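Trainee: quick one, what's the 3D model for this:
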Amino acid sequence: MTTARTGYSAGELTVHRSPAELNKITKALRNAGRRIVFVPTMGALHEGHRELIRHARRAPGSVVPVVSIFVNPLQFGPNEDLDRYPRPLEADLTACREEGVELAFVPGVEDMYPQGAQVTVQPGELGSKLEGAVREGHFGGVLTVVAKLFHIVAPDVAFFGEKDYQQLVLIKRMVRDLDFPVHVVGVPTVREPDGLALSSRNAYLSPEQRAKAPVLYRALQAGASVSAQGPEAVLAAARAVLDQEPALEVEYLELTDSDLGPPRVGEPGRLLVAARLGTTRLIDNVPVAL
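Mentor: Down below sits the predicted model:
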(Lines give C-alpha, C1' and ligand atoms only; values in the text may rest on other atoms or scores of the structure.)
Protein backbone atom coordinates (compact mmCIF):
# COMPACT_ATOMS: atom_id res chain seq x y z
CA MET A 1 0.00 0.00 0.00
CA THR A 2 1.49 3.33 -1.06
CA THR A 3 -0.16 6.65 -0.42
CA ALA A 4 1.78 9.34 -2.26
CA ARG A 5 -0.50 12.03 -0.88
CA THR A 6 0.59 11.23 2.68
CA GLY A 7 4.14 10.00 2.09
CA TYR A 8 3.40 6.61 3.62
CA SER A 9 4.41 3.23 2.16
CA ALA A 10 3.26 0.05 3.89
CA GLY A 11 6.12 -2.13 5.07
CA GLU A 12 8.72 0.63 4.76
CA LEU A 13 10.00 3.09 7.35
CA THR A 14 9.14 6.70 6.67
CA VAL A 15 10.45 9.46 8.96
CA HIS A 16 8.40 12.51 9.86
CA ARG A 17 9.15 15.65 11.84
CA SER A 18 5.90 17.59 11.44
CA PRO A 19 3.14 16.80 13.97
CA ALA A 20 0.45 17.86 11.50
CA GLU A 21 1.89 15.66 8.76
CA LEU A 22 2.09 12.58 10.98
CA ASN A 23 -1.42 13.16 12.37
CA LYS A 24 -2.80 13.35 8.83
CA ILE A 25 -1.17 10.03 7.94
CA THR A 26 -2.28 8.10 11.01
CA LYS A 27 -5.85 9.36 10.79
CA ALA A 28 -6.02 8.32 7.12
CA LEU A 29 -4.69 4.88 8.02
CA ARG A 30 -7.22 4.45 10.85
CA ASN A 31 -10.01 5.47 8.48
CA ALA A 32 -8.75 2.75 6.12
CA GLY A 33 -9.14 0.13 8.85
CA ARG A 34 -5.55 -0.03 10.10
CA ARG A 35 -4.72 -0.09 13.83
CA ILE A 36 -2.04 2.36 15.01
CA VAL A 37 0.27 0.78 17.59
CA PHE A 38 2.63 3.22 19.27
CA VAL A 39 5.92 3.08 21.19
CA PRO A 40 7.04 6.49 22.55
CA THR A 41 10.79 6.74 23.25
CA MET A 42 13.54 9.25 23.91
CA GLY A 43 15.82 7.39 21.52
CA ALA A 44 19.09 5.61 22.31
CA LEU A 45 17.13 2.46 21.51
CA HIS A 46 18.22 -0.78 23.18
CA GLU A 47 16.82 -4.30 23.45
CA GLY A 48 14.13 -3.12 25.85
CA HIS A 49 12.76 -0.71 23.24
CA ARG A 50 12.97 -3.42 20.60
CA GLU A 51 10.88 -5.69 22.80
CA LEU A 52 8.23 -2.96 23.09
CA ILE A 53 8.15 -2.71 19.29
CA ARG A 54 7.81 -6.50 18.99
CA HIS A 55 4.87 -6.45 21.38
CA ALA A 56 3.30 -3.69 19.29
CA ARG A 57 3.74 -5.64 16.08
CA ARG A 58 2.09 -8.70 17.65
CA ALA A 59 -1.04 -6.74 18.54
CA PRO A 60 -4.17 -8.10 16.84
CA GLY A 61 -5.45 -6.64 13.59
CA SER A 62 -3.77 -4.93 10.66
CA VAL A 63 -1.28 -2.86 12.64
CA VAL A 64 0.91 0.09 11.70
CA PRO A 65 3.87 0.32 14.14
CA VAL A 66 4.80 3.90 15.05
CA VAL A 67 7.82 4.93 17.16
CA SER A 68 8.49 8.45 18.38
CA ILE A 69 12.04 9.61 19.18
CA PHE A 70 12.07 12.82 21.20
CA VAL A 71 14.20 13.90 24.15
CA ASN A 72 11.60 15.86 26.08
CA PRO A 73 13.11 18.84 27.94
CA LEU A 74 10.05 19.25 30.18
CA GLN A 75 10.83 16.09 32.13
CA PHE A 76 14.44 17.02 32.97
CA GLY A 77 15.31 19.02 36.06
CA PRO A 78 17.86 21.88 36.01
CA ASN A 79 20.70 19.63 37.25
CA GLU A 80 19.83 16.53 35.21
CA ASP A 81 21.36 15.10 32.05
CA LEU A 82 19.37 16.77 29.24
CA ASP A 83 22.44 18.05 27.41
CA ARG A 84 24.37 14.78 27.54
CA TYR A 85 21.46 12.40 27.02
CA PRO A 86 22.48 10.14 24.10
CA ARG A 87 20.94 10.97 20.71
CA PRO A 88 22.19 8.36 18.15
CA LEU A 89 19.43 9.07 15.63
CA GLU A 90 20.81 7.10 12.68
CA ALA A 91 21.36 4.00 14.84
CA ASP A 92 17.84 4.41 16.22
CA LEU A 93 16.32 4.57 12.75
CA THR A 94 18.29 1.48 11.76
CA ALA A 95 16.83 -0.34 14.77
CA CYS A 96 13.34 0.80 13.74
CA ARG A 97 13.85 -0.59 10.24
CA GLU A 98 15.12 -3.89 11.61
CA GLU A 99 12.06 -4.23 13.85
CA GLY A 100 9.52 -3.44 11.15
CA VAL A 101 8.50 0.06 12.26
CA GLU A 102 6.60 1.86 9.50
CA LEU A 103 6.38 5.40 10.88
CA ALA A 104 9.07 7.20 12.90
CA PHE A 105 8.18 10.54 14.46
CA VAL A 106 11.32 12.58 15.20
CA PRO A 107 10.23 16.13 16.07
CA GLY A 108 12.45 18.87 17.40
CA VAL A 109 11.66 20.90 20.51
CA GLU A 110 10.33 23.71 18.32
CA ASP A 111 7.94 21.25 16.64
CA MET A 112 6.53 19.96 19.91
CA TYR A 113 6.50 23.26 21.80
CA PRO A 114 6.38 26.02 19.16
CA GLN A 115 5.17 28.57 21.70
CA GLY A 116 6.61 26.96 24.81
CA ALA A 117 4.57 24.84 27.20
CA GLN A 118 2.49 27.17 29.34
CA VAL A 119 -0.33 24.65 29.81
CA THR A 120 0.79 21.29 31.19
CA VAL A 121 -0.74 18.10 32.59
CA GLN A 122 -0.42 17.82 36.36
CA PRO A 123 0.05 14.31 37.79
CA GLY A 124 -1.75 14.80 41.11
CA GLU A 125 -0.60 13.50 44.48
CA LEU A 126 1.20 10.42 43.12
CA GLY A 127 3.41 12.66 41.01
CA SER A 128 5.13 13.98 44.15
CA LYS A 129 6.02 10.54 45.58
CA LEU A 130 8.88 8.12 44.87
CA GLU A 131 10.46 9.45 41.65
CA GLY A 132 8.45 12.64 41.96
CA ALA A 133 9.91 13.38 45.40
CA VAL A 134 13.43 13.22 43.95
CA ARG A 135 12.72 14.72 40.51
CA GLU A 136 10.42 17.68 41.08
CA GLY A 137 8.24 18.42 38.06
CA HIS A 138 9.37 15.28 36.23
CA PHE A 139 5.98 13.64 35.85
CA GLY A 140 4.27 16.85 34.79
CA GLY A 141 6.74 16.91 31.90
CA VAL A 142 6.19 13.23 31.14
CA LEU A 143 2.40 13.42 31.11
CA THR A 144 2.41 16.62 29.05
CA VAL A 145 4.53 15.13 26.28
CA VAL A 146 2.66 11.81 26.32
CA ALA A 147 -0.66 13.65 26.06
CA LYS A 148 0.65 15.62 23.07
CA LEU A 149 1.99 12.46 21.44
CA PHE A 150 -1.34 10.69 21.92
CA HIS A 151 -3.11 13.58 20.17
CA ILE A 152 -0.56 13.70 17.33
CA VAL A 153 -0.15 9.96 16.71
CA ALA A 154 -3.78 9.04 17.52
CA PRO A 155 -2.86 5.46 18.48
CA ASP A 156 -5.25 2.63 19.24
CA VAL A 157 -2.72 1.00 21.58
CA ALA A 158 0.46 2.36 23.23
CA PHE A 159 3.21 0.28 24.83
CA PHE A 160 5.39 1.29 27.80
CA GLY A 161 8.03 -0.62 29.74
CA GLU A 162 7.44 -1.62 33.35
CA LYS A 163 10.94 -0.51 34.33
CA ASP A 164 9.53 3.01 34.65
CA TYR A 165 6.65 1.65 36.69
CA GLN A 166 5.46 4.90 38.28
CA GLN A 167 5.39 6.49 34.85
CA LEU A 168 3.26 3.61 33.56
CA VAL A 169 0.77 3.92 36.44
CA LEU A 170 0.45 7.68 35.96
CA ILE A 171 -0.05 7.39 32.19
CA LYS A 172 -2.81 4.84 32.75
CA ARG A 173 -4.44 7.21 35.24
CA MET A 174 -4.20 10.13 32.81
CA VAL A 175 -5.81 8.05 30.06
CA ARG A 176 -8.61 7.02 32.42
CA ASP A 177 -9.20 10.41 34.03
CA LEU A 178 -8.99 12.46 30.81
CA ASP A 179 -10.79 9.94 28.56
CA PHE A 180 -8.06 9.36 26.02
CA PRO A 181 -9.26 6.79 23.43
CA VAL A 182 -6.11 4.65 23.70
CA HIS A 183 -5.33 1.36 25.43
CA VAL A 184 -2.08 1.47 27.42
CA VAL A 185 -0.13 -1.79 27.75
CA GLY A 186 2.77 -2.41 30.16
CA VAL A 187 5.59 -4.70 29.00
CA PRO A 188 7.83 -6.54 31.52
CA THR A 189 11.34 -5.18 32.08
CA VAL A 190 14.06 -6.52 29.79
CA ARG A 191 17.31 -7.32 31.62
CA GLU A 192 20.95 -8.06 30.98
CA PRO A 193 22.02 -11.65 31.78
CA ASP A 194 23.16 -10.52 35.25
CA GLY A 195 19.78 -8.94 35.98
CA LEU A 196 20.51 -5.24 35.41
CA ALA A 197 17.44 -3.57 33.91
CA LEU A 198 18.18 -2.20 30.44
CA SER A 199 18.34 1.59 30.34
CA SER A 200 19.88 4.16 28.03
CA ARG A 201 21.56 5.66 31.10
CA ASN A 202 23.51 2.44 31.76
CA ALA A 203 26.03 3.81 29.26
CA TYR A 204 27.06 6.35 31.91
CA LEU A 205 28.37 3.60 34.23
CA SER A 206 32.11 2.98 34.46
CA PRO A 207 33.20 -0.68 34.15
CA GLU A 208 33.59 -0.87 37.94
CA GLN A 209 30.14 0.65 38.53
CA ARG A 210 28.58 -1.61 35.90
CA ALA A 211 29.86 -4.66 37.80
CA LYS A 212 28.14 -3.41 40.97
CA ALA A 213 24.86 -2.28 39.40
CA PRO A 214 23.06 -5.68 39.41
CA VAL A 215 22.86 -5.45 43.22
CA LEU A 216 19.58 -3.58 42.73
CA TYR A 217 17.94 -6.56 41.07
CA ARG A 218 19.46 -9.01 43.56
CA ALA A 219 17.96 -6.94 46.37
CA LEU A 220 14.54 -6.91 44.74
CA GLN A 221 14.71 -10.67 44.18
CA ALA A 222 15.66 -11.19 47.83
CA GLY A 223 12.67 -9.17 48.96
CA ALA A 224 10.24 -10.92 46.62
CA SER A 225 11.49 -14.33 47.73
CA VAL A 226 10.19 -13.80 51.29
CA SER A 227 6.88 -12.19 50.32
CA ALA A 228 4.92 -14.87 52.18
CA GLN A 229 6.36 -13.48 55.43
CA GLY A 230 4.75 -10.07 54.94
CA PRO A 231 5.75 -6.49 54.01
CA GLU A 232 8.31 -5.93 56.76
CA ALA A 233 10.22 -9.08 55.81
CA VAL A 234 10.24 -8.07 52.15
CA LEU A 235 11.77 -4.68 52.88
CA ALA A 236 14.27 -6.07 55.40
CA ALA A 237 15.52 -8.73 52.99
CA ALA A 238 15.95 -6.23 50.16
CA ARG A 239 17.65 -3.67 52.40
CA ALA A 240 20.12 -6.28 53.68
CA VAL A 241 21.35 -6.90 50.13
CA LEU A 242 21.60 -3.20 49.28
CA ASP A 243 23.60 -2.57 52.45
CA GLN A 244 26.27 -4.97 51.21
CA GLU A 245 27.32 -2.49 48.51
CA PRO A 246 28.85 0.62 50.13
CA ALA A 247 29.23 2.43 46.78
CA LEU A 248 25.45 2.47 46.38
CA GLU A 249 23.55 5.57 47.54
CA VAL A 250 19.95 4.41 48.00
CA GLU A 251 17.30 7.09 47.47
CA TYR A 252 14.28 4.96 48.21
CA LEU A 253 13.18 1.37 48.70
CA GLU A 254 9.39 1.08 48.80
CA LEU A 255 6.79 -1.68 48.83
CA THR A 256 3.37 -0.70 47.45
CA ASP A 257 0.29 -2.23 45.93
CA SER A 258 0.11 -2.47 42.12
CA ASP A 259 -1.32 1.08 41.90
CA LEU A 260 1.48 2.47 44.13
CA GLY A 261 -0.75 2.78 47.17
CA PRO A 262 -0.12 1.09 50.55
CA PRO A 263 0.67 -2.63 50.28
CA ARG A 264 -2.21 -4.99 51.00
CA VAL A 265 -1.73 -8.57 52.11
CA GLY A 266 -3.33 -10.94 49.63
CA GLU A 267 -3.12 -8.43 46.77
CA PRO A 268 -0.46 -7.95 44.04
CA GLY A 269 2.30 -5.60 45.12
CA ARG A 270 5.34 -3.82 43.73
CA LEU A 271 8.81 -3.47 45.23
CA LEU A 272 10.64 -0.41 43.89
CA VAL A 273 14.16 0.94 44.34
CA ALA A 274 16.16 3.95 43.20
CA ALA A 275 19.86 4.47 43.88
CA ARG A 276 22.97 6.20 42.58
CA LEU A 277 26.28 4.71 41.59
CA GLY A 278 28.59 7.68 41.28
CA THR A 279 26.68 10.24 39.19
CA THR A 280 24.44 7.63 37.52
CA ARG A 281 20.93 7.18 38.83
CA LEU A 282 19.32 3.73 38.47
CA ILE A 283 15.76 2.57 39.11
CA ASP A 284 14.20 -0.89 39.13
CA ASN A 285 11.15 -2.75 40.39
CA VAL A 286 9.62 -6.23 40.55
CA PRO A 287 6.13 -7.58 41.19
CA VAL A 288 5.55 -9.06 44.64
CA ALA A 289 2.75 -11.40 45.70
CA LEU A 290 2.15 -10.61 49.37
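Trainee: tally of neighbours for residue 176?
Mentor: For residue 176, the count of nearby residues is 10 (other CB atoms under 10 Å). (C-beta placed from N, C-alpha, C; glycine too.)
Trainee: tell me how far it lies from residue 105.
Mentor: Per CB to CB, to the nearest Å, residue 176 is found 24 Å from residue 105.
Trainee: likewise for residue 190?
Mentor: With CB to CB as the criterion, residue 190 and residue 105 are 23 Å apart.
Trainee: now do residue 169
Mentor: For residue 169, the distance to residue 105 - CB to CB - is 24 Å.
Trainee: with neighbour numbers in mind, choose between the two.
Mentor: Neighbours were tallied for residue 169 and for residue 105 using other CB under 10 Å; the higher tally belongs to residue 105 (27 against 22).
Trainee: quick check: bridge partners of that one?
Mentor: Beta-bridge pairing for residue 105 (DSSP bridges): residue 16, residue 68.
Trainee: surely it touches residue 66?
Mentor: Yes - contact criterion CB atoms under 8 Å: residue 105 and residue 66 qualify, at 6.6 Å.
Trainee: residues shared between the contacts of these two?
Mentor: Shared contacts of residue 105 and residue 66, defined by CB atoms under 8 Å, 6 or more residues apart in numbering, comprise 22, 153.
Trainee: hey, which helix is longest across this structure?
Mentor: Using DSSP state H to define each element, the chain has its longest helix at helix 138-153.
Trainee: could you pull out the buried residues of that one?
Mentor: The neighbour-count check on helix 138-153 (16 or more other CB atoms under 10 Å) flags 138-150, 152-153 as buried.
Trainee: tell me, what's the model's pLDDT at residue 197?
Mentor: For residue 197, the pLDDT comes out at 98.
Trainee: sorry, that was for residue 1
Mentor: 48.
Trainee: who's in contact with residue 265?
Mentor: 230, 231, 290.
Trainee: equivalent analysis for residue 139, please.
Mentor: Contacts of residue 139 were listed using CB under 8 Å, 6+ apart, and they are 75, 123, 126, 127, 131, 132, 166, 167, 170.
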